[in-house]
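Q: no sequence for this one, just the structure:
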């Protein structure tokens, strides 16, 4: 079956809105993917004493992402995953890092689920461009609404958690220089666009259902026309039967009159038996 762009049956959903919906879904998915693979979720610079030259402090730039961290020191950068960093902390006896690593796992799980929902939302936005799928437009709108809103909620939950952690770090570590976490902004915009797309499809679905109900209400009088016709036909049959019975009754009276006239012409008098005997 060919895929041709035509106007869907829903009068509130045009080809332009179909293209815009798919474009917003893909753009939001792209922003969420950038945040998913980048290391700009938390950026700060700290100063530590150089071992070789006591009293000489060097700057260490730390960039933390969802899956790994990048540490730059004296012009050299090294990337390390959160799992490897957690194992190193355990080897050094820093068992309090277990809570931090658990929060990282929680964030990774929720954001991954949000990415899956965003991918499903983008896939469900494609069939609205095809003529052969217009009869399933309501079902597609329900899918886009549900998965888009779920993706937005999961993404916002993860970003809110990281944002709260950033605020707490700024308060308790005033000796560090914090930079703007651009990955949080990119991921937040992607999640917000996905949620907006879900709400838009939900509004379109509600308007479509209202229009369908109004159309059915306007067509309700036509539904009773066959019933009225049936009742009128029944009435016509009953009227015809009454007319036929009256005509039969009139014919009987007319026949009686004819028989009475014939008896009078022959001179026969028809009387009751008691009168003849007397």
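A: Thanks, I have it. The structure displayed is predicted, hence computed values, not measured ones.
Q: all contacts plus neighbour counts: C-alpha atoms, from now on.
A: OK.
Q: residue 66 in helix, strand or coil?
A: coil (DSSP: H, G, I helix; E, B strand; the rest coil).
Q: next one: phi and psi at it?
A: When read as degrees, to the nearest 10, the backbone of residue 66 gives phi -70, psi -30.
Q: please tell me how far it sits from residue 109.
A: Separation of residue 66 from residue 109 (CA to CA, to the nearest Å): 10 Å.
Q: mind listing the helices for the stretch 1-150 of the chain?
A: Listed in chain order, the helices of the stretch 1-150 of the chain (DSSP state H, counting those that start in this stretch) span 15-37, 82-91, 97-125, 137-172.
Q: just checking, what packs against the last one?
A: Applying 3 or more CA pairs under 8 Å, 6 or more residues apart in numbering; DSSP states H and E, one finds that helix 137-172 contacts helix 97-125, helix 182-218.
Q: cool, the second one as well?
A: With contacts defined as 3+ CA pairs under 8 Å, 6+ apart, helix 82-91 has these neighbours: helix 97-125.
Q: so for the helix it packs on, mean pLDDT?
A: Across helix 97-125, the average pLDDT comes to 90.
Q: make a markdown table out of the helices of the stretch 1-150 of the chain and add distance to residue 49 and mean neighbour count.
A: Shown next, in a markdown table, are those (distance: least, CA to CA, whole Å; neighbours: other CA atoms under 10 Å):
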| stretch | distance to residue 49 | mean neighbour count |
| --- | --- | --- |
| helix 15-37 | 32 | 19 |
| helix 82-91 | 20 | 14 |
| helix 97-125 | 23 | 18 |
| helix 137-172 | 20 | 19 |
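Q: quick one, which of these is nearest to residue 190?
A: helix 15-37 (4.1 Å; CA to CA).
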